[in-house]
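[1] Sequence and predicted model, in that order:
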Amino acid sequence: MQIFKVGGAVRDRLLGKPVTDIDWVVVGATTEEMLALGYRPVGADFPVFLHPKSGEEYALARTERKSGRGYGGFTFHASPEVTLEEDLIRRDLTINAMAEDDQQNLTDPYHGQRDLDARILRHVSPAFAEDPLRVLRVARFAARYAELGFTVAPETLELMRQLSESGELEALTAERSWKEISRALMEDQPQVFIQVLRDCGALKVLMPEVDALFGVPQPAAHHPEIDTGVHTLSVLEQSALHKQPLTVRWACLLHDLGKGLTPEEEWPRHIAHEHTGLKLIKAVNERFKAPKDCQELALLVGKYHTHGHRALELKASTLLELLQSFDVYRRPQRFEEFIVACEMDARGRKGLEQRSYPQADYLRGAAKVAREVAVQPLLEKGFKGPELGEALKRERLKALKSYKENA
């Protein structure tokens, strides 16, 4: 029996990055031998065991064969005869197909270290094209390592293009897709993830609503970058630069989908794109079964982001409606995420990345004023039920009018 450290732990150590998760592969062992040593089985599809002390995962060396559609369409074969090289060749990228023994001796049959040095993401074997999830994984790695100068090898991009055209991407479950998408959006350069998906034709399959934004012009006076798709990538980039949470990044990606529906004869103006885009945002939310907080914020940002930009001009009554829509009294954090999403939208414009956004503090102040209107005096006056709600609304409107006059 031989035990090797494999995959990401080896790759990140060689890159000088912190190693978080460690995967182990066991060569020359049987399930019975692992159980006898106290390992606990966890894998239903293939033999994976938890170490009796560390709890880390140890997998028996295995081969795999395509047997159906999608990510799960594989038959696995694990036995003591499967070699380390045979186990490594089934992996996605050469930089993930290296192994180390306990002395840090490197096994690198597919030249992963050479590709690490050359900053190239390259597939290990033609079997790469059998697993559609790898399209998303490679795009995610491109986002993760973009700052180090990594790019996708042209021949790997071609395989990703073939996969995108094959219909295999449609076989991915919403859960698997969302897991990759959400992880990719939280990388330092999530815009690279979207760009790579577009380069290989996968964006058109997975998120045609986002793909449709590229080539759609906007007024140059407000958007020096012109192209709506380019703007969307810039907004996503800003959200990462400002360390925003997943909810905000997801909203940034989807906020302008309505512009993809504007008839060409109306370009570059996009009247009412906030409302036309809502059905598209809803469709993308549902397709990937995004978490509820991501879904809600994306819809609210899509509907109200122009309100955010025009905050200083809004009537007090419109401002109150905006605050009510976000339920700022019980859910202040959601309104804060809306504000920062609007700010990222404003900053995601060519040459305007550093421009101040006074609307943010103005909206925070308005929310504070509305929240500070006390209920108790109204109760003491005898208001209750719907009448109390209306009285509270009147007092908040009065407070917002005063705030607006003195701002």
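    Sure, I can see it. Fair warning: this is a prediction, and the values are worked out from it, not measured in the lab.

[2] Strands of the chain, residue ranges please.
    Applying DSSP state E to the chain gives strands spanning 2-6, 23-27, 40-41, 48-50, 57-60, 62-66, 74-78, 99-100, 106-107, 120-121, 151-152.

[3] In CSV, list these along with mean pLDDT and distance to residue 345.
    Every C-beta, even on glycine, is put in place using the N, C-alpha and C of the backbone. Formatted as CSV, the strands of the chain follow (pLDDT from 0 to 100; distance: least, Cβ to Cβ, whole Å):
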stretch, mean pLDDT, distance to residue 345
strand 2-6, 96, 42
strand 23-27, 95, 39
strand 40-41, 92, 49
strand 48-50, 93, 44
strand 57-60, 94, 41
strand 62-66, 76, 43
strand 74-78, 70, 42
strand 99-100, 97, 45
strand 106-107, 97, 46
strand 120-121, 98, 30
strand 151-152, 98, 28
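
[4] Pipe the ones you listed into a markdown table and attach mean neighbour count and distance to residue 326 per row.
    Putting these into a markdown table (neighbours: other Cβ atoms under 10 Å; distance: least, Cβ to Cβ, whole Å) gives the following:
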| stretch | mean neighbour count | distance to residue 326 |
| --- | --- | --- |
| strand 2-6 | 19 | 47 |
| strand 23-27 | 20 | 43 |
| strand 40-41 | 12 | 47 |
| strand 48-50 | 20 | 44 |
| strand 57-60 | 20 | 42 |
| strand 62-66 | 15 | 48 |
| strand 74-78 | 16 | 45 |
| strand 99-100 | 22 | 51 |
| strand 106-107 | 14 | 54 |
| strand 120-121 | 22 | 41 |
| strand 151-152 | 20 | 40 |
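
[5] Redo those strands as CSV? Include distance to residue 258.
    As requested, the strands of the chain are arranged in CSV below (distance: least, Cβ to Cβ, whole Å):
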stretch, distance to residue 258
strand 2-6, 46
strand 23-27, 43
strand 40-41, 50
strand 48-50, 45
strand 57-60, 44
strand 62-66, 40
strand 74-78, 40
strand 99-100, 49
strand 106-107, 51
strand 120-121, 34
strand 151-152, 31
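
[6] And those strands: which comes nearest residue 91?
    Ranking those by proximity to residue 91 (Cβ to Cβ) places strand 2-6 first, at 8.1 Å.

[7] picking that back up, looking at the strands of the chain, spot the one closest to residue 170.
    strand 62-66 (16.5 Å).

[8] Adjacent strands (with direction) for the closest one?
    Applying DSSP bridges, strand 62-66 is found paired with strand 74-78 (antiparallel).

[9] so who does residue 89 touch?
    Listed by Cβ atoms under 8 Å, 6 or more residues apart in numbering, the contact partners of residue 89 are 97, 109-110, 124-125, 127.

[10] what's the distance between it and residue 82?
    11 Å (Cβ to Cβ, to the nearest Å).

[11] swap in residue 9?
    20 Å.

[12] try residue 367
    Taking Cβ to Cβ as the measure, residue 367 falls 60 Å from residue 82.

[13] Test my guess that residue 188 contacts residue 240.
    Yes: counting by Cβ atoms under 8 Å, residue 240 is a contact partner of residue 188 at 5.8 Å.

[14] Compare the two (neighbour count), which wins?
    Using other Cβ atoms under 10 Å as the criterion, residue 188 and residue 240 rank with residue 240 on top: 21 against 14.
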